[in-house]
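Student: How does the following fold in three dimensions:
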Amino acid sequence: MNDKNVVSVAYHRTGKSTNTNSLGMRAMQARVYEKRNSKYLLVKAPPASGKSRALMFVALDKLANQGIKKVIVAVPERSIGRSFKDTDLVKYGFYEDWRIDPHYDLTAGGTTGGNVKRFVEFLNNPEAKILICTHATLRFAYEEVADDSQFNDIMVAIDEFHHVSADDNSVLGTALKNIMHNSTAHILAMTGSYFRGDSQPILTPEDERKFDKVNYSYYEQLDGYQYLKSFGIDYKFYQGTYLDALDKAIDTDKKTIIHIPSVNSAESTKDKYEEVGHIEDAIGEFQEKDPKTGIDYVKRKGDGKILKVADLVTEEGRDKVQEYLRDMTSVDDLDIIIALGMAKEGFDWPWAEYALTIGYRGSLTEIVQIIGRVTRDSSNKTHAQFTNLIAQPDAKNDDVMVAVNTILKAITASLLMEQVLAPELKIKTKSSNDRSKGDGLGGGEITVKGLKEPSTQRTKDIIENDLPDLKAAILQDSQVQEAIAAKADADVINKVLIPKVIMEQNPDLSDEELEEVRQYTIADLALKQATAQSTTSSSGDDKKFLRMADKFINVDDLDINLIEQVNPFQRAYEVMSSNIDSKTLRLIQQTIDSKKADFTEQELAVLYPQIKQFILDHNGEYPSKDSNDELEVKYAYALAKLRDLRARRKAEQNG
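Tutor: Next up is the predicted model:
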């Protein structure tokens, strides 16, 4: 296993994102508060940026100044409800504190039926102001409400908004749509993810256009910290069982969250309790379980230091452990958390610095949420690390296609995080006689000759507000993933695949609008990759250059035609290639190649002896898919198909 990160980003520690203004608001919160009069507001900001308090500021203003009579806050699970507990705001400059009537904190306890009853009671109680509940309670209670008009003059705030879906089967999505269309309710939606785990949109395009948006990027958040100065993402591959690789992946000097694989996954031993024991054995020697707190004490290998380990996998005693975690006040209160499905969303352990996630993760949302657990600013750390420990695909034992597709998701996740974690570029059109220098690379503004001006407010809104979502959708698209792994031609990616995804996300665009959005999207993707390789010449005029398509290009000479010739994902794939061993890369390439041409078994039977003869005639060299000879290319793809079929048959026999 290697120690070189796939993605590594350094930050400037400006302190801007954690400093507060005269009202006690951080930078992101102040940005949201500026839009407090919006009826529908969508906030996209990373974990630890202060979304919970931003909601408090807006909700209190709506109650005091905008005619809103009640506020409902819905969170994905009960544990996140503590983010909205009583909070002092006046002493930091705001005009009112956030106070919750315990009776209407439905995340504190109670049965499903009892909480639904209290929810309906809250709607009918003219004195009640604020209610906290789970998404599930909101869904069940909505079904009990006779008329959508009961949400008139109520602000509905939905935390972790990516759980909502516009799909007809989504009860929460349907409830939100009906409340928007059939009442005077105000909606505040918050999410730390630019995408859902599936392909369903959160809102219909028509409804989403009704929302004012506040975007606050990962880069703004992390660059503005006081302590954290770097962040890395890595993928480590193991053979056999992950338990044998733990000693190389665990770093007991770091405050660590370990997520073990789902019991339904191929990586799981199917005995989650035994896995916890193995992990503690890899850490050191188990000493005892504190009967009061449920915390395990483990003597570390080497120096014998006693480490405090929280086991969130074992159900017995979990309530004690969770209570202990809620009450932690010191960096020394805990060293390691072992979890299965918990400690992902909304979980706050600011001292955590290392997330070790074992097993394939099908959802990029889940990856981003786990990363958010370790990217909080804290005086005990200068670097945060996410490492995914995953099984190396083995053609002899595994279903190759499934394994490779999963690795492609890992590649996609790394690409996405590189986009999200990099500084934002402002891309502007440049006419042929425009000689203004702008801010160049240093100020994050680049002008591009031939770039179409947005012709409608619709395309302008997409370009200014929705590019992160659009890039996330592009990176999740299966055809794009295959193109990335196969290092596809730039024309295929830029002129076929990217427009396809844009239209899927925005089916109402005209051809002209589609072309405008396409150009800005590929410019953003390509320039993000290019600026990571940018350099400055030592000439007297000190002009700045970008490295694109292995050439250094003067920034002043950039035009859209040049950008369209670049595969925007090439550099990221090369970075991934340098971290994965050749066997795994060959497996990825082989599987992708096997899908590029369709052969019958009869054709393969005819071609096989011809391929053998080709190899003999060329001194043992295999046919190349990059050859100018069409027959050799055909041989190459046929060989890839034969290898893929052989791997599948071996897997079936072993199975």
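
Student: Going by C-alpha atoms from here, please, whenever you check contacts or count neighbours.
Tutor: Noted.

Student: Can you get me a residue count around Asn182?
Tutor: 15 (other CA atoms under 10 Å).

Student: Could you pull up the contacting residues of it?
Tutor: 148-149 (CA atoms under 8 Å, 6 or more residues apart in numbering).

Student: Need the per-residue pLDDT for it.
Tutor: As predicted, Asn182 sits at a pLDDT of 95.

Student: Distance of it relative to Leu23?
Tutor: As judged by CA to CA, to the nearest Å, Asn182 and Leu23 stand 35 Å apart.

Student: Kindly report the same for Ala157.
Tutor: Taken as CA to CA, the span from Ala157 to Leu23 is 22 Å.

Student: These two - which one has more neighbours?
Tutor: Neighbours were counted for Ala157 and for Leu23 using other CA under 10 Å; Ala157 has more, 23 against 15.

Student: quick check, distance from the host helix or strand of the more buried one to the centre of its chain.
Tutor: In this assignment (DSSP states H and E), Ala157 forms part of strand 154-158. Distance, stretch centre to chain centre, for strand 154-158: 25 Å (CA atoms, centre = their mean, to the nearest Å).

Student: Buried residues in the helix or strand following it, which are they?
Tutor: Going down the chain from strand 154-158, the next helix or strand is helix 171-182, by DSSP H and E. Buried residues in helix 171-182, counted by 16 or more other CA atoms under 10 Å: 171-176, 179-180.

Student: Redo those as TSV? Include distance to Asp348.
Tutor: Shown next, in TSV, are these (distance: CA to CA, whole Å):
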residue	distance to Asp348
Val171	28
Leu172	25
Gly173	27
Thr174	30
Ala175	29
Leu176	28
Ile179	31
Met180	32
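
Student: Out of those residues, which two sit at the greatest distance?
Tutor: Using CA to CA, the pair of the buried residues of helix 171-182 lying farthest apart is Val171 and Met180, separated by 14.2 Å.

Student: Strands of the stretch 551-655 of the chain, residue ranges please.
Tutor: Secondary structure of the stretch 551-655 of the chain (DSSP state E, counting those that start in this stretch): strands located at 551-554.

Student: again, but for the stretch 1-150 of the chain
Tutor: Going by DSSP E, counting those that start in this stretch, the stretch 1-150 of the chain shows strands at 7-10, 40-44, 70-75, 130-134.

Student: of those, which approaches Ala352 most closely?
Tutor: Comparing the strands of the stretch 1-150 of the chain by CA to CA, strand 7-10 comes nearest, at 18.1 Å.

Student: If you count contacts, what does the closest one end up packed against?
Tutor: Using 3 or more CA pairs under 8 Å, 6 or more residues apart in numbering; DSSP states H and E as the contact criterion, the elements in contact with strand 7-10 are strand 230-238, helix 400-421.

Student: strands paired with it, and their directions?
Tutor: strand 230-238 (antiparallel) (DSSP bridges).

Student: Tell me, domain by domain, which residues of the protein belong where.
Tutor: For the chain, the structural domains run 17-217, 224-391, 421-576, 596-654, going by automatic domain parsing.

Student: follow-up on the earlier one: list the strands paired with the strand holding Ala157, with their directions.
Tutor: strand 70-75 (parallel), strand 186-191 (parallel).

Student: just flag whichever of these has the lowest average confidence.
Tutor: Across the strands paired with strand 154-158, the lowest-scoring stretch is strand 186-191, with a mean of 92.

Student: Alpha carbons of that strand, as CSV, please.
Tutor: Taking C-alpha atoms only, strand 186-191 is exported to CSV below (Å, rounded to 0.1, in the frame of the first residue of the first chain):
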residue,chain,number,x,y,z
HIS,A,186,-41.2,29.8,3.5
ILE,A,187,-38.6,27.1,2.7
LEU,A,188,-35.0,27.0,3.8
ALA,A,189,-33.0,24.1,2.5
MET,A,190,-29.5,23.3,3.5
THR,A,191,-27.0,20.7,2.3
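
Student: Which SSE is immediately downstream of that strand?
Tutor: Criterion used, DSSP H and E; the element after strand 186-191 is helix 205-208.

Student: Please state the offset of that following helix from the chain centre?
Tutor: Using CA atoms, centre = their mean, the offset of helix 205-208 from its chain centre is 22 Å.

Student: Other residues contacting the strand holding Ala157?
Tutor: Against strand 154-158 from outside (CA under 8 Å, 6+ apart): 55, 59, 62, 68-75, 135, 184-190.

Student: Report the separation between Thr293 and Asp319.
Tutor: Thr293 is 9 Å from Asp319, by CA to CA.

Student: again with Trp98
Tutor: From Trp98 to Asp319 the distance is 27 Å (CA to CA).

Student: go on, Asp251?
Tutor: From Asp251 to Asp319 the distance is 27 Å (CA to CA).

Student: Please name whichever of the strands of the stretch 1-150 of the chain is nearest to Leu123.
Tutor: The nearest among the strands of the stretch 1-150 of the chain, by CA to CA, is strand 70-75 at 8.2 Å.

Student: The closest one relative to strand 130-134, how many degrees between them?
Tutor: Here the directions of strand 70-75 and strand 130-134 differ by 20 degrees (axes from the mean of the first three to the mean of the last three CA atoms, to 10 degrees).

Student: one step back: so between Thr293 and Asp319, which is more surrounded?
Tutor: Each of Thr293 and Asp319 has its neighbours counted (other CA under 10 Å); Thr293 has more, 17 against 13.

Student: if we can go back for a sec, comparing the strands paired with strand 154-158, which comes out most buried?
Tutor: strand 70-75 (a mean of 25; mean count of other CA atoms under 10 Å).

Student: List the contacts of that strand.
Tutor: Everything outside strand 70-75 that qualifies as a contact, by CA under 8 Å, 6+ apart, is 59, 63, 81, 128-135, 138, 153-160.
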